[in-house]
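1. here you go, sequence then predicted model.
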Amino acid sequence: MNRDSDKQAAAVAAVAEVQNGMLVGLGTGSTAAFVISEIGRLCAEGLRIEAVGTSLATEAHAREVGIPLRDLASVAVIDLAIDGTDEFDPSLRAIKGAGGAMLREKIVAAAARRMVVVADGSKRVAQLGHAALPIEVLPLARAYVADVLAACGGLPTLRGGDASPTLTDQGNIIFDCDFGPIDDPALLARRLSAIPGVMGHGLFVDEVDAVYVADQGVVERIERSAAPSP
């Protein structure tokens, strides 16, 4: 089994939670794409749901496979959100945002009654910090935020480089920040959220309710209630 096969297996298992009448939050990235394709297949077979997307790319994919969409701006509560992850630890804390949608992903996760994450086995880590932490930043705060991130112990790298920085769907820039092993994710999340100019970050401390992780074709569901306390 390769990683794509594991991602697809985990996605199919997670999508089994989707029920008729739900409003579903759709994530962004290569793993979430398997989720969208599977939900599209079920919609073609008669599943009746609506969805909101965490990015313009996700919305476009959802339309292609026939998933009815609602405007995220009109939605206060989401029944179920399904997304991928860059890595997750035993307490179901996660780093997300490699796809560049960390702010919208955080909004969808906050609005969701339940959030599940889909992953292949390579995303399971003992401690967060192997993946760079994506941080969405207002462009005019670029130099200030970079300086504060460095003071917090991070090494920020502007995604796309100085000449052509990558922009989010909201027109913000992204710093991929290397903090090394993150000893206290909750503390770091609070510090990042308090920085003026930071519009969102990919550190998910308590939003994830369950993880579907597949390794060599075997899917395991890990519920937050069964995960060890941090």
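-> All right, it came through fine.
2. dihedrals phi and psi, I222?
-> Dihedral pair for I222: phi -120, psi 120, per degrees, to the nearest 10.
3. cool, and E59?
-> Torsion angles, degrees, to the nearest 10, at E59: phi -60, psi -40.
4. pass me the low-pLDDT residue ranges in this structure, would you?
-> Residues of the chain meeting the criterion pLDDT under 70: 1.
5. run the last query once more with 90
-> Scanning the chain with the threshold set as pLDDT under 90 gives 1-3, 225-230.
6. contacting residues around the spatially most central residue of it?
-> For the chain, the residue sitting closest to the mean C-alpha position, by C-alpha atoms, centre = their mean, is K96 at 4.4 Å. Going by C-beta atoms under 8 Å, 6 or more residues apart in numbering, K96 touches 83-86, 102, 105, 134, 202, 204. To be clear about C-beta, it is placed using only N, CA and C from the backbone, and glycine gets the same treatment.
7. show me these that map onto strands.
-> Among the contacts of K96, DSSP state E puts 83, 134, 204 in strands.
8. so the last one bridges to which residues?
-> Right, F204. For F204, the beta-bridge partners are A94 (DSSP bridges).
9. hang on, it packs against A109?
-> Yes. Counting by C-beta atoms under 8 Å, F204 does reach A109; the two are 6.6 Å apart.
10. and the strands in this protein?
-> Secondary structure of the chain (DSSP E): strands located at 23-26, 50-53, 78-83, 87-88, 94-95, 112-120, 133-137, 155-158, 173-178, 198-201, 203-204, 210-215, 218-223.
11. winner for burial among those strands?
-> Among those, strand 94-95 has the highest mean neighbour count (mean count of other C-beta atoms under 10 Å), at a mean of 28.
12. how far does it sit from its chain's centre?
-> Strand 94-95 has its C-alpha centroid displaced from the chain centroid by 8 Å (C-alpha atoms, centre = their mean, to the nearest Å).
13. on contacts alone, who are the packing partners of that strand?
-> strand 87-88, strand 203-204 (3 or more C-beta pairs under 8 Å, 6 or more residues apart in numbering; DSSP states H and E).
14. switch to 10 Å and redo it
-> strand 87-88, strand 112-120, strand 203-204 (3 or more C-beta pairs under 10 Å, 6 or more residues apart in numbering; DSSP states H and E).
15. can I assume N172 is in contact with L138?
-> Yes. Between N172 and L138 there is a contact under C-beta atoms under 10 Å: 5.9 Å.
16. now the common contact residues for these two.
-> Shared contacts of N172 and L138, defined by C-beta atoms under 10 Å, 6 or more residues apart in numbering, comprise 197-199.
17. could I get these as CSV with distance to T54?
-> Formatted as CSV, these follow (distance: C-beta to C-beta, whole Å):
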residue, distance to T54
G197, 22
V198, 18
M199, 14
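18. return the member of these nearest to L47.
-> Of all those, L47 sits closest to M199, with 33.9 Å by C-beta to C-beta.
19. is the nearest residue to the closest one once chain neighbours are set aside in a bridge, and if so with what?
-> Nearest residue to M199, sequence neighbours excluded (C-beta to C-beta, 6 or more residues apart in numbering): E136, at 4.6 Å. For E136, the beta-bridge partners are I174, G200 (DSSP bridges).
20. unless I'm mixing things up, E136 is touching L103, no?
-> Yes. E136 lies in contact with L103 (C-beta under 10 Å); the separation is 4.8 Å.
21. list residues touching both of the two?
-> The contact sets of E136 and L103 overlap at 97, 168, 170, 172, 174, 198-202 (C-beta under 10 Å, 6+ apart).
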